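# pasted the sequence and its predicted model underneath.
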Amino acid sequence: MKRLEQVFHNQGEFFKTGKTLDLDFRKAQLKKLENILKASENLLYEAIYKDFRKSEFETYTTELSFIYNEIKFYIKNLKKLSKPQKVKTNLSNFPGSSYIYKDPYGKSLVIGAWNYPYQLSLLPVVCAIASGNVCILKPSEMAENTSEIMAKLINENFPENYLYVSEGGVEVTSELLELNFDKIFFTGSPKIGKIVYEATAKNLTPVTLELGGKSPVIVSDNSNLDVAAKRIVWGKFLNAGQTCIAPDFVLVHRNVRSKFIDCLTKYLDQFDYQENASHYTSIINSKNFQRLEKLIDDEKVIYGNHKNPDTNFLSPTVLDNVSWDDDVMQEEIFGPILPILTYENFQQTIDDLKSKEKPLSAYLFSDEEDEKSYFLNHFSFGGGCINDVLMHIGNGNLPFGGVGNSGIGNYHGKFGFDAFVHQKAILKRKTWGEPNLKYPPYSDKKISFLKRFL
Ligand code: NAD
């Protein structure tokens, strides 16, 4: 047996012992993971800085705090979440009672992305543990130092027949996808998401796909432009635009375009994203740096476009007078380039967006109720905000996930727990009190009675 197949097999054997069904066991593993991460925070900061110069501040606020909060939530709510949920029983099953059992899937696989390497790898692992699964994690090879430190910390501290980190690229992922997992949780691009979906179809494996897309932000002429600009600049250039829910492009009402651009540049200057600023991340590698360079049409640059290919530094770059046909509008940008397009008719612009792939997020800055209502009720996207960007991800009471091309399923909080369990429907019958109606021989009297009650 190959190494990974062996780990997979051993995890299956461990799951069969029923040990992971014990809630105290699950809580102890969550606590252990938290302690390990907290004790090694310096190593985590060091690794992510080496990968793409991400600061301690952003690593804590956008990655580690999410993991700690999720662990805290599950430890506090595990009993409630895992308890069979009693639901109403219909008349034809009287006397009886009905329940939804939260049945852990068993052998789970988490495939992470590199852009928030700790959050996107470990948050699904936390959900898998809380829900009573065994798990193999495959972090992204593109952030090699963070992948290495996660493998070290987990593989040195957890038995591999329970939780194991398998490092590697396409070859390793392909090998893992050959195994018959009971649940796969993938974060990455829609292109690779399709490969994963196809591979999982072979075994009918339930799958969560957390993907991406071009997330629009609409700035209406009925909005607070200063607040809109401030929040968009922050959300777009956090992590140097390498955020799955970052505003990909701006659609601003033609009448306020110039005022909005003034506000944008004011905040870009104020936030001071210099090459050596500790709060500005670099592009993950030269391949992505070159991909981004090609998306910049020099004639449309109105701000930024300062580069250093040696350090993969690309400053916040704003493009004006962009049209739907420009290169930058043909793919998810996933970097610090902000194209600005204008619109005249609000409904028409939403209808235009509807003809594209459904995005992971969408944002609207407006104080006009009709606009908010049209945006919320006529446009399908994963999730988003009114008068803000990104911040919906921070509310664990909201499901996080895409729709259509941006993903299948969701997680965070209760939703993350549910992503790793099968909802087993159980009816418990009494052995008394049953009318003799469903049993043959059938009669006209029986059917007319049933027609009244069913
Ligand atoms: P990616 O799809 O290139 O890689 C994701 C994972 O898939 C990695 O672990 C990688 O090793 C693996 N992989 C790559 N090629 C593969 C192949 N041929 N077969 C099997 N596995 C393969 O994505 P990425 O570059 O790491 O991340 C960027 C994308 O992810 C963007 O589209 C972004 O929007 C999306 N994303 C989504 C979320 C979310 O939560 N929805 C979060 C972060 C990123």
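Arrived safely.

# dump the residue contacts of the one residue in the chain that gets nearest to the ligand.
Residue nearest to the ligand within the chain (Cβ to the nearest ligand atom): Gly212, separated by 1.9 Å. (C-beta placed from N, C-alpha, C; glycine too.) Residues near Gly212 by Cβ atoms under 8 Å, 6 or more residues apart in numbering: 188-190, 244, 332, 334, 360, 402, 406.

# widest-spaced pair of the residues you listed?
Phe334 and Gly402 (14.8 Å; Cβ to Cβ).

# and the two? which has more neighbours close in?
Gly402 (28 against 24; other Cβ atoms under 10 Å).

# keeping just the C-alphas, turn the helix or strand encompassing Ser448 into CSV.
Assigned by DSSP states H and E, Ser448 belongs to helix 444-453. C-alpha atoms of helix 444-453 as CSV (Å, rounded to 0.1, in the frame of the first residue of the first chain):
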residue,chain,number,x,y,z
ASP,A,444,-63.1,2.3,-1.2
LYS,A,445,-63.8,3.1,2.4
LYS,A,446,-60.0,3.1,3.2
ILE,A,447,-59.1,5.3,0.2
SER,A,448,-61.8,7.9,0.8
PHE,A,449,-60.7,8.1,4.5
LEU,A,450,-57.1,8.5,3.5
LYS,A,451,-57.9,11.1,0.9
ARG,A,452,-59.3,13.2,3.7
PHE,A,453,-56.2,12.9,5.9
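
# what residues of that helix count as buried?
Within helix 444-453, the residues that count as buried by 16 or more other Cβ atoms under 10 Å are Lys446.

# what is that helix packed up against?
Here helix 444-453 touches no other helix or strand, going by 3 or more Cβ pairs under 8 Å, 6 or more residues apart in numbering; DSSP states H and E.

# picking up where we left off before, among the contacts of Gly212, which are within reach of the ligand?
188-189, 244, 332, 334, 360, 402 (Cβ under 6 Å from any ligand atom).

# hmm, who's touching the host helix or strand of Leu78?
Per DSSP H and E: Leu78 is located in helix 65-82. Residues outside helix 65-82 that contact it (Cβ under 8 Å, 6+ apart) are 23, 26-27, 30-31, 33-34, 37-38, 102, 118-119, 122-123, 126-127, 130-132, 394, 396, 412-414, 416-417.

# and the helix or strand following that helix, how far out from the chain middle?
Next in sequence after helix 65-82, counting helices and strands by DSSP H and E, comes strand 85-87. In terms of Cα atoms, centre = their mean, to the nearest Å, the centre of strand 85-87 is found 28 Å from the chain centre.

# got the buried residues for the next helix or strand after strand 85-87?
Sequence-wise, the next helix or strand downstream of strand 85-87 (DSSP H and E) is strand 96-104. Using 16+ other Cβ under 10 Å as the test for burial, strand 96-104 gives 98-100, 102-104.

# looking at the residues you listed, which two lie furthest apart in space?
Ser98 and Pro104 (20.7 Å).

# picking that back up, make TSV from the ones next to the ligand among the contacts of Gly212 and add secondary structure to it.
Output for the ones next to the ligand among the contacts of Gly212, formatted as TSV (DSSP: H, G, I helix; E, B strand; the rest coil):
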residue	secondary structure
Gly188	coil
Ser189	coil
Cys244	coil
Glu332	coil
Phe334	coil
Leu360	coil
Gly402	coil
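
# now the residues you listed as CSV including pLDDT and distance to Val252?
As requested, these are arranged in CSV below (pLDDT from 0 to 100; distance: Cβ to Cβ, whole Å):
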residue, pLDDT, distance to Val252
Gly188, 97, 31
Ser189, 96, 27
Cys244, 98, 23
Glu332, 98, 20
Phe334, 98, 21
Leu360, 98, 21
Gly402, 98, 25
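
# next, format these as JSON lines and append distance to Glu368.
Formatted as JSON lines, these follow (distance: Cβ to Cβ, whole Å):
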{"residue": "Gly188", "distance to Glu368": "37"}
{"residue": "Ser189", "distance to Glu368": "35"}
{"residue": "Cys244", "distance to Glu368": "28"}
{"residue": "Glu332", "distance to Glu368": "29"}
{"residue": "Phe334", "distance to Glu368": "31"}
{"residue": "Leu360", "distance to Glu368": "25"}
{"residue": "Gly402", "distance to Glu368": "27"}
